[in-house]
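Engineer: I would like to see how this sequence folds:
(one chain, ligands or ions: 1)
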Amino acid sequence: MPLRIDILTLFPEMFAPVLGTSIPKRAAEKGLVSYHLTQLRDFATDAHQSVDDKPFGGGPGMVMMCPVVFDAVERVEAQDARPATRILLTPQGRPFTQDLAEDFARRERLLLIAGHYEGFDQRITDGLRPVELSIGDYVLSGGELAAMVVIDAVVRLLPGAIGAEAGAADETFSEGLLEHPQYTRPREYRGMQVPEILLGGNHRAIADWRLEQRKIRTRQRRPDLWRRYAERHGEV
Ligand code: ADE
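Structural biologist: Okay, here's the model as predicted:
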């Protein structure tokens, strides 16, 4: 059974180029995943097709309304018997990480809610209890790009989505280390050389060198990740 991904959004057209390209596209063609887009505005109840309104108490911007989101979630969920993991994209959410991507890749069904405007009525999260996710400490104009980031990170982890040669083994964040430097032809470019060790064919030495490079990079660039790795592996 493919992973079913439902996306609730005011801008479904934003998703086509991303889901229709590269790995997300091929994963769907291989039957590993299916994407289902729902226009939130179809669930508006008034003549103006409103999905948002001014905040009670005043203040700038508009707030996504409860009835639209509740009705959309309930209707879409009823389209398939499998329970959905509800995900709401918001800068207030928990930081999205590779560990969460791996967790989501093992689910049967994900339902992502992307909002625009200043945010969601609090009762949407109180009532629907989604996982609230942020893709970083910056504010996007809507949750759509964040939803696409989550989908891309999840779909590429589905078994068979990427070639075996690209397997997760050495990837950035596997084991909590950044990736080592990579080189390809030519051996020399504008006076810059490929490290000699990579040309020798000594696989053991190459693996040792790569691991060392990963540690050096992680220590220099991401002391936060390094501390966690070092604690787990008894490094200093
Ligand atoms: N919506 C707006 N900004 C966002 C962010 N950084 N992460 C997730 N959803 C968002």
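Engineer: do you know how far the residue of the chain most remote from its centre is from the ligand?
Structural biologist: In the chain, the residue that sits farthest from the middle, by Cα atoms, centre = their mean, is G191; the gap is 38.6 Å. Plainly put, G191 is 41 Å away from the ligand if you go by Cβ to the nearest ligand atom, to the nearest Å. Heads up, the C-betas are built off the backbone N, CA and C, glycines and all.
Engineer: same thing with V69?
Structural biologist: The value you get for V69 to the ligand, if Cβ to the nearest ligand atom is used, is 15 Å.
Engineer: my guess is that residue contacts A114, does it?
Structural biologist: No - counting by Cβ atoms under 8 Å, V69 does not reach A114; the two are 10.8 Å apart.
Engineer: Between those two, which contacts overlap?
Structural biologist: Here V69 and A114 have L8 as joint contacts, going by Cβ atoms under 8 Å, 6 or more residues apart in numbering.
Engineer: Looking at the protein, which strand is longest?
Structural biologist: Determined from DSSP state E, the single longest strand within the chain is strand 85-95.
Engineer: Neighbouring strands of it in the sheet, and parallel or not?
Structural biologist: strand 109-113 (parallel), strand 131-134 (parallel) (DSSP bridges).
Engineer: Turn these into CSV, columns for mean pLDDT, mean neighbour count and distance to E231.
Structural biologist: Converted to CSV, the strands paired with strand 85-95 look like this (pLDDT from 0 to 100; neighbours: other Cβ atoms under 10 Å; distance: least, Cβ to Cβ, whole Å):
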stretch, mean pLDDT, mean neighbour count, distance to E231
strand 109-113, 98, 24, 31
strand 131-134, 98, 19, 25
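Engineer: Include distance to K54 when you put these into CSV, please.
Structural biologist: Output for those, formatted as CSV (distance: least, Cβ to Cβ, whole Å):
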stretch, distance to K54
strand 109-113, 21
strand 131-134, 23
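Engineer: Which one, of the ones you listed, ends up nearest to the ligand?
Structural biologist: The ligand lies closest, by Cβ to the nearest ligand atom, to one member of the strands paired with strand 85-95: strand 131-134, at 4.0 Å.
Engineer: what sits up against the longest helix along the chain?
Structural biologist: Identified as the longest helix of the chain according to DSSP state H is helix 203-221. For helix 203-221, the surrounding residues in contact (Cβ under 8 Å, 6+ apart) are 170, 176-181, 195, 197-198, 200, 225-226, 229, 235.
Engineer: Which member of those residues is positioned nearest the ligand?
Structural biologist: Using Cβ to the nearest ligand atom, L225 comes nearest to the ligand of those, at 20.0 Å.
Engineer: what residues are up against the closest one?
Structural biologist: L225 neighbours (Cβ under 8 Å, 6+ apart): G176, L177, L178, T218.
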